[in-house]
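**Student:** Give me a model of this one.
(4 chains)
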2 protein chains.
Amino acid sequence: MPKIVDHEQQKIKVAEAAWRVIRQSGIENASVRNVAQEAGISPGSMRHYFSTQSELFLFSMNLVSERANARIAALSFDRPMPEVVRDMMRELLPLNEEKRSEMEVWLAFMSRSIWDAALHDLANRVYEEMNQGMIRTVAALAEQGLVRKELDAEEEGRRMQVFVDGIALHGLLYPERMTPEYMERLLDQYLEELYRK
Amino acid sequence: MPKIVDHEQQKIKVAEAAWRVIRQSGIENASVRNVAQEAGISPGSMRHYFSTQSELFLFSMNLVSERANARIAALSFDRPMPEVVRDMMRELLPLNEEKRSEMEVWLAFMSRSIWDAALHDLANRVYEEMNQGMIRTVAALAEQGLVRKELDAEEEGRRMQVFVDGIALHGLLYPERMTPEYMERLLDQYLEELYRK
DNA sequence: TCCTTTTTAATACACTCGTATTATATAGGT
DNA sequence: ACCTATATAATACGAGTGTATTAAAAAGGA
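**Tutor:** Residues are numbered from 1 along each chain as shown, chains lettered A, B, ... in the order given. Model (predicted):
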């Protein structure tokens, strides 16, 4: 029998190499050769895991959202709801190097998804996930009486999403101006106002 | 004497061709040849106006912000301030095809500015402009008594900027979900809350 | 009409691209 | 120890890349 290599593990290794190349020099330079070199394997070998560059991109993009989901799922939920909500939203901001890294790559893929049809579905799927998550969060806050029961959960959920993504975007594009501290400040201000509604 | 061609006009023609290529197939495909073809001139001829691709990108990116500035400057300012403010902010959202086009290109350049040092300065300059504009707007509203005088103009200006950019981002990335109507709705809600402060 | 300066076009160079094909090395079951 | 399925590597191909160089065309003043 042949040499057995954990296929999925190898794909992840390559995808993470792609992340690093994208962060360093953009998607336009994430060529098969550059990514393979960053991953420490030969281009020919890489094609064994991703038969096409498009597959690699899709997998890499998907891995970003999986990582974020995993981090959120790993939070402890048996705490006061405001604490949980705050922590959830903090996972959607580039507050540390790990999250900044992932989100920079995510932005690159999202920006590309505007014209690259291969990424379009995944982009919309993740949006929908996030959207449902936010709406359910607001609805849960309403049920617990932490916000007005009449508050439109769908509407407020979308506002929440827009505001958090706005903070994250500024954090990525203008890191000197939008520091982690300021991001948290804006987030906390938003939540405080929300709880007054 | 030689054939005289309006140099600046020609550069603009080429830059707009670059926009179209970028919208259609991304910056990664905005090669010298592709842009020249879209502009209807030869690649060799194009190098007469932009001796390097980097120059073309910088000029194209700058032209986007100039166009937005021009549109804002063209607004009539002898109206009630809330109307003016609303119209100003509407210019920062992809509410029609023209603005959507420019902003898609702008997003591509901003995304690239994360790793492309050549675009970094322009990106920050435009941020600063926008930032000052928002802060002065809030301050002016405070002076007119339209918002609380104690309101921190700098803080609220940044919140405004984050929220507007968040709406615009969603408008670009999720046009089916974030329609022009919904963008205006979110904007008006924000302004209404602002005037209650 | 001719001449000079600018604009345009064409071609070339070295390099990188995505992908396909082919050959080599590797490691487990018999 | 050998065999075989798998993983890795190397090479090739046609096409596209940014940029430089060189030649042709064009148009207004003399």
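**Student:** Mind telling me which residue is nearest the centre of chain A?
**Tutor:** A:Ser65 (4.7 Å; Cα atoms, centre = their mean).
**Student:** The residue nearest to that residue when sequence neighbours are not counted: which element?
**Tutor:** In this structure, A:Ser65 finds its nearest non-sequential neighbour in A:Val126, 4.9 Å apart by Cβ to Cβ, 6 or more residues apart in numbering or on different chains. C-beta coordinates here come from the backbone N, C-alpha and C atoms, glycine included. Following DSSP states H and E, one finds A:Val126 within helix A:117-143.
**Student:** tell me which residues in that helix are buried?
**Tutor:** Residues A:119, A:122-123, A:126-127, A:130-131, A:133-135, A:137-139, A:141-142 are the ones in helix A:117-143 that count as buried (16 or more other Cβ atoms under 10 Å in any protein chain shown).
**Student:** can you give me the offset of it from its chain's centre?
**Tutor:** 12 Å (Cα atoms, centre = their mean, to the nearest Å).
**Student:** cool, and stretch A:188-195?
**Tutor:** Using Cα atoms, centre = their mean, the mean C-alpha position of stretch A:188-195 is found 22 Å from that of the whole chain.
**Student:** what about the residue nearest to A:Ser65, distance to chain B?
**Tutor:** Shown here: A:Val126 relative to chain B, a distance of 10 Å by Cβ to the nearest Cβ, to the nearest Å.
**Student:** Surely that residue and A:Glu66 touch.
**Tutor:** No - here A:Val126 lies out of contact with A:Glu66, judged by Cβ atoms under 8 Å, at a distance of 10.0 Å.
**Student:** Just the closest residue of chain A to chain B, please.
**Tutor:** A:Gly166 (2.5 Å; Cβ to the nearest Cβ).
**Student:** Quickly find the element holding that residue.
**Tutor:** Per DSSP H and E: helix A:153-173 holds A:Gly166.
**Student:** so where do the helices sit in chain A?
**Tutor:** Under the criterion DSSP state H, chain A contains helices at A:7-25, A:32-39, A:43-46, A:53-73, A:81-90, A:97-113, A:117-143, A:153-173, A:180-196.
**Student:** residues of the fifth one that come out buried?
**Tutor:** For helix A:81-90, a neighbour-count test (16+ other Cβ under 10 Å) marks A:Val84, A:Val85, A:Met88, A:Met89, A:Arg90 as buried.
**Student:** which among these gets closest to B:Arg185?
**Tutor:** Proximity of the buried residues of helix A:81-90 to B:Arg185 (Cβ to Cβ) peaks at A:Met89, which lies at 22.5 Å.
**Student:** pLDDT weak spots in chain A?
**Tutor:** Applying pLDDT under 70 to chain A flags the ranges A:1-5.
**Student:** gap between the two ends of stretch A:72-83?
**Tutor:** Stretch A:72-83 has its terminal residues 13 Å apart, counting by Cα to Cα, to the nearest Å.
**Student:** contacting residues for the residue nearest to A:Asn62 when sequence neighbours are not counted?
**Tutor:** The spatially closest residue to A:Asn62, leaving aside those adjacent along the chain, is A:Leu122, at 6.0 Å (Cβ to Cβ, 6+ apart). With contacts defined as Cβ atoms under 8 Å, 6 or more residues apart in numbering or on different chains, the neighbours of A:Leu122 are A:Leu58, A:Met61, A:Asn62, A:Ser65, A:Ser113.
**Student:** Narrow those residues to just the buried residues.
**Tutor:** Listed as buried from these are A:Leu58, A:Met61, A:Asn62, A:Ser65, A:Ser113; burial here means 16+ other Cβ under 10 Å.
**Student:** restrict the residues you listed to contacts with DNA strand D.
**Tutor:** With Cβ under 7 Å from any atom of the strand as the criterion, the buried ones among the contacts of A:Leu122 include none near DNA strand D.
**Student:** Just the closest of those residues to A:Arg196, please.
**Tutor:** Nearest to A:Arg196 out of these is A:Ser65 (Cβ to Cβ; 32.1 Å).
**Student:** Could you tell me which residues make contact with A:Met178?
**Tutor:** Applying Cβ under 8 Å, 6+ apart, we find A:Met178 in contact with A:Ile167, A:His170, A:Gly171.
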